[in-house]
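1. Next comes the sequence, and after it the predicted model I'd like to discuss.
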Amino acid sequence: MIRSFQDILSKAESLPSQRAAILFPHDQAVMRAVKEGLRRNYIDPVLVGLKPSIQAVAREVKLDLKGIEVIHIEDKQKGADFCMDQATKGKVGLVIKGNILTTYLYRSLIKATKILNPDHVPCTLVFSQVSGINKIFVITDPGVNIRPDLETKLKMLTNAVSIMKKLGYVKPRVMLLSCKREISTELVSSKEGKRIRDMSLKDENYEYLIDENQNLIQAFGNQPVREDEFPDLFLVPNIDAGNILVKSVDQLFLGLRQAVTVGAGIIILTPSRSDGYEERILNMAFGAVLAYSA
Amino acid sequence: MDFDKIVELARQKGPKRLVVTGWEGGKFFEPILEAKHMGLVSPVLLGEGNFGIRDNEVEHIHEPDLGKARARAINMVKEGEAEIFMEAETLSRSLFELLDEKKIGVKKKGILSHIFLFESLKDRRMTILTDTYINDYPNIKDKVEIVENAIEVVGILGIDTPKIAALAALELVNPALISTLDAAALSKMSERGQFGPAIVEGPLAMDNAESALAARHKGINSPVPGDVDIYLFPDIESAYITAQFLFVLGNVKHAGILVGVNIPIVTLTPLDTKGSCLFNIALAVIQ
């Protein structure tokens, strides 16, 4: 199990590079990260987007494009579809979001997932590291599913846990977050959380353990966090809760986060468009480790 | 303004007469006594017996029935016999329903809401999250009132032109995501001066709310990103979960206030500790 992003960087150094499609790398921070990812042997890039812009930004960051495949596609959705097609055919191990709205990639991934494995539900997993706890925990889904119902949540759990197992989590401890409290006890998130836990208790083959508590206050109250009882995976009730929480990890808690979106075995790195060079390098290392383990 | 300054200001304005119910459990008795010794309040305890109280200077009124004690305590504040009402237990459904009831007369014209104040880990700036405890899924009308409630509170902290980030999962308006529509409407209302000098910007994702650079990167030109006083959350799940993580993992110095009431009331949530309880009392004193 990974305990810190430093573990990821170390592991990525020792692995062969991964063929990666980078969609719309029309931004200095993205292109500098590509250059460094190439130097560190994390990725073997295919650059997809507007060729003149790619060439111009590459010149700005002094990246020699000789030997690097550049695919000219003007339309953003077609570019995303092309990347997904490459991943589906196994021509690339991962897809990396450049300076483009994530929505284009989500649309392509949802389409590809329906074809490859209609029973899968794509979701975004954010791996988070904060001081005060010596483990990386995962939050899902801050990106794809707006307000998942019980069935969707179960599929998201299966998807998330399958990725986590590849990173060495044996039987992840899952908390199905809900803000049930004394003045409001009838939240759907709480009822669905309880149903999922009841279902999991009836079947010992479940690949994860559902925490009986539905939020951190229920679990720890005012007491210090017990690391072994701290969940490995948090499933949030809706996209607003997830997105705000994961971005609070670095913005309010001064922690680190890395986002990947997965569906039917396809891995997309989905850093925020506002992420800078350092975050993107780490993201590539993370993607390389994940793609290698897949 | 930080918590030390709030306590100092409360010391200057105190002692105020604090009438307390639900103290018998003892969990929050210590901060009440501390507030007394610091000169913030002069407590009056309403309840059963005076067991466990070693401090003879604490006034006690015998009223074993909690419902009657609450009604009497609130009435004492309304009649000017006391200045602050406090229940020294986590906010219960019965107390919430009492406060929310029109006839008890402590609610202003809008809804009740809760704010969570904390010192930012980044720069120790006093930052507010709302609504972190009361309303499950507020609609746009509720959100207007939650914003108005929060604006009133930051006034006591010396912030006259609060900058408010209306948060959502995206910074783009997406008809499939109601939080973005509500945030955009609030932002437009602010543009038209409907929140006075306060500026509401939204929808903003947390990263572009916190960083002016990240916001500009996404084409958002506004004075709010990077300088937020109040974060307005779309619903209880997003707000209370974030506040819990800040409390449990960030270990932030914090306080909480029930707002939308016309008398100072100290309430406690599961996020409260003895330390935060003292700050809650101090905030009520300076109101």
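-> Here it is on my side, so go on.
2. Please see if the helix or strand B:Ala150 falls within touches chain A.
-> For B:Ala150, the element it lies in under DSSP states H and E is helix B:140-156. No - Helix B:140-156 lies out of reach of chain A by C-beta under 8 Å from any C-beta of the partner chain, never closer than 12.9 Å. Where you see a C-beta, it was placed from the backbone N, CA and C, and this is true even at glycine.
3. Packing partners of the following helix or strand past that helix?
-> Next helix or strand after helix B:140-156 toward the C-terminus (DSSP H and E): strand B:163-167. Contact partners of strand B:163-167 among helices and strands, from 3 or more C-beta pairs under 8 Å, 6 or more residues apart in numbering or on different chains; DSSP states H and E: helix B:140-156, helix B:178-191, strand B:199-204, helix B:206-210, strand B:230-232.
4. Next, the angle from strand B:163-167 to helix B:140-156.
-> Interaxial angle, strand B:163-167 versus helix B:140-156 (axes from the mean of the first three to the mean of the last three C-alpha atoms, to 10 degrees): 150 degrees.
5. what does strand B:163-167 contact?
-> Strand B:163-167 has contacts (C-beta atoms under 8 Å, 6 or more residues apart in numbering or on different chains) with A:240, A:244, B:143, B:147, B:150-151, B:179, B:182-183, B:186-187, B:190, B:195, B:198-206, B:209, B:223-225, B:227-234, B:238.
6. Tell me the strands beside it, with direction?
-> strand B:199-204 (parallel), strand B:230-232 (parallel) (DSSP bridges).
7. can I get those strands in JSON lines with mean pLDDT and mean neighbour count?
-> Formatted as JSON lines, the strands paired with strand B:163-167 follow (pLDDT from 0 to 100; neighbours: other C-beta atoms under 10 Å in any protein chain shown):
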{"stretch": "strand B:199-204", "mean pLDDT": "98", "mean neighbour count": "26"}
{"stretch": "strand B:230-232", "mean pLDDT": "98", "mean neighbour count": "27"}
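8. Reformat these as a markdown table; add distance to A:Val170.
-> Shown next, in a markdown table, are these (distance: least, C-beta to C-beta, whole Å):
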| stretch | distance to A:Val170 |
| --- | --- |
| strand B:199-204 | 39 |
| strand B:230-232 | 37 |
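9. what's the domain layout of chain B?
-> Domain ranges of chain B: B:1-107+B:261-287, B:109-259, per automatic domain parsing.
10. tell me which residues form a beta bridge with the residue nearest to the spatial centre of chain B?
-> The centroid of chain B falls nearest to B:Ile257 when counting by C-alpha atoms, centre = their mean (2.5 Å). When bridges are called by DSSP bridges, B:Ile257 pairs up with B:Ile115.
11. Can you tell me the SS state at A:Met164?
-> Following DSSP: H, G, I helix; E, B strand; the rest coil, we place A:Met164 in the helix state.
12. now it, nearest residue through space, not along the chain?
-> In space, and not counting its chain neighbours, A:Met164 is closest to A:Pro172: 5.2 Å by C-beta to C-beta, 6 or more residues apart in numbering or on different chains.
13. try B:Gly47
-> Once flanking residues are discounted, B:Gly47 sits nearest to B:Glu24: 5.3 Å by C-beta to C-beta, 6+ apart.
14. was I right about the one you found contacting B:His60?
-> No - with contact defined as C-beta atoms under 8 Å, B:Glu24 does not count as touching B:His60 (11.2 Å).
15. what's the helix or strand containing B:Ala73 packed up against?
-> Using DSSP H and E, B:Ala73 falls within helix B:66-78. Judged by 3+ C-beta pairs under 8 Å, 6+ apart, helix B:66-78 is in contact with strand B:16-21, strand B:41-47, strand B:84-90, helix B:93-100.
16. And the helix holding B:Ala150, how far out from the chain middle?
-> Mean-position distance between helix B:140-156 and its chain equals 11 Å (C-alpha atoms, centre = their mean, to the nearest Å).
17. do stretch A:211-221 as well
-> Computed by C-alpha atoms, centre = their mean, the chain-centroid distance of stretch A:211-221 equals 24 Å.
18. In it, which residues are buried?
-> By 16 or more other C-beta atoms under 10 Å in any protein chain shown, the buried positions in stretch A:211-221 come out as A:211, A:213-220.
19. Just send the helices and strands packed on helix B:66-78 back as TSV, with distance to A:Val161 and mean neighbour count too.
-> Below are the helices and strands packed on helix B:66-78 laid out as TSV (distance: least, C-beta to C-beta, whole Å; neighbours: other C-beta atoms under 10 Å in any protein chain shown):
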stretch	distance to A:Val161	mean neighbour count
strand B:16-21	47	24
strand B:41-47	50	24
strand B:84-90	34	23
helix B:93-100	36	16
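20. out of those, nearest to B:Leu249?
-> Between B:Leu249 and the helices and strands packed on helix B:66-78, the shortest separation by C-beta to C-beta is 21.0 Å, and it involves strand B:84-90.
21. Counting by contacts, list what that closest one packs against.
-> Here strand B:84-90 touches strand B:16-21, helix B:29-37, helix B:66-78, strand B:265-268, helix B:274-286, going by 3+ C-beta pairs under 8 Å, 6+ apart.
22. Buried deepest among these, which one?
-> Of the helices and strands packed on strand B:84-90, the one with the most neighbours on average (mean count of other C-beta atoms under 10 Å in any protein chain shown) is strand B:265-268, at a mean of 25.
23. so what strands line up beside that strand?
-> Strand B:265-268 is paired, per DSSP bridges, with strand B:84-90 (parallel).
24. CA atoms of the strand it pairs with as CSV?
-> Taking Å, rounded to 0.1, in the frame of the first residue of the first chain, the C-alpha atoms of strand B:84-90 are listed here in CSV:
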residue,chain,number,x,y,z
ILE,B,84,-27.1,35.7,26.1
PHE,B,85,-28.8,32.3,26.1
MET,B,86,-26.8,29.1,25.9
GLU,B,87,-27.5,25.4,26.0
ALA,B,88,-24.4,23.6,27.1
GLU,B,89,-25.2,20.4,25.1
THR,B,90,-25.0,19.6,21.4
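25. Next, the angle helix B:274-286 makes with that strand.
-> Using the same axes, to 10 degrees: strand B:84-90 against helix B:274-286 is 160 degrees.
26. and strand B:84-90 with helix B:93-100, angle?
-> Inter-element angle recorded for strand B:84-90 and helix B:93-100: 160 degrees (by the same axes, to 10 degrees).
27. Need the contact partners of strand B:84-90.
-> Strand B:84-90 is contacted by residues A:182, B:16-23, B:25, B:27-29, B:32, B:41, B:70, B:73-74, B:76-77, B:95, B:106, B:263-270, B:272, B:277, B:281, B:284-285 when judged by C-beta under 8 Å, 6+ apart.
28. A:Ile267 and A:Gly93 touch, don't they?
-> Yes - if you go by C-beta under 8 Å, A:Ile267 and A:Gly93 touch, sitting 7.3 Å apart.
29. Looking at these two, which one has more neighbours?
-> A:Ile267 (26 against 23; other C-beta atoms under 10 Å in any protein chain shown).
30. roughly how far apart are the more buried one and chain B?
-> Distance check for A:Ile267 against chain B: by C-beta to the nearest C-beta, to the nearest Å, it reads 22 Å.
31. Residue most distant from the centroid, chain A?
-> Farthest out in chain A is A:Ile183, which, by C-alpha atoms, centre = their mean, sits 34.3 Å from the centre.
32. how about the spatially closest residue to it that is not a sequence neighbour, what does it touch?
-> The shortest distance from A:Ile183 to any non-neighbouring residue, by C-beta to C-beta, 6+ apart, is to B:Phe96 (4.7 Å). By C-beta under 8 Å, 6+ apart, the contact list for B:Phe96 reads A:183, B:112, B:134.
33. and if you look at A:Gly242?
-> Applying C-beta under 8 Å, 6+ apart, we find A:Gly242 in contact with A:124, A:126, A:139-143, A:236, B:169.
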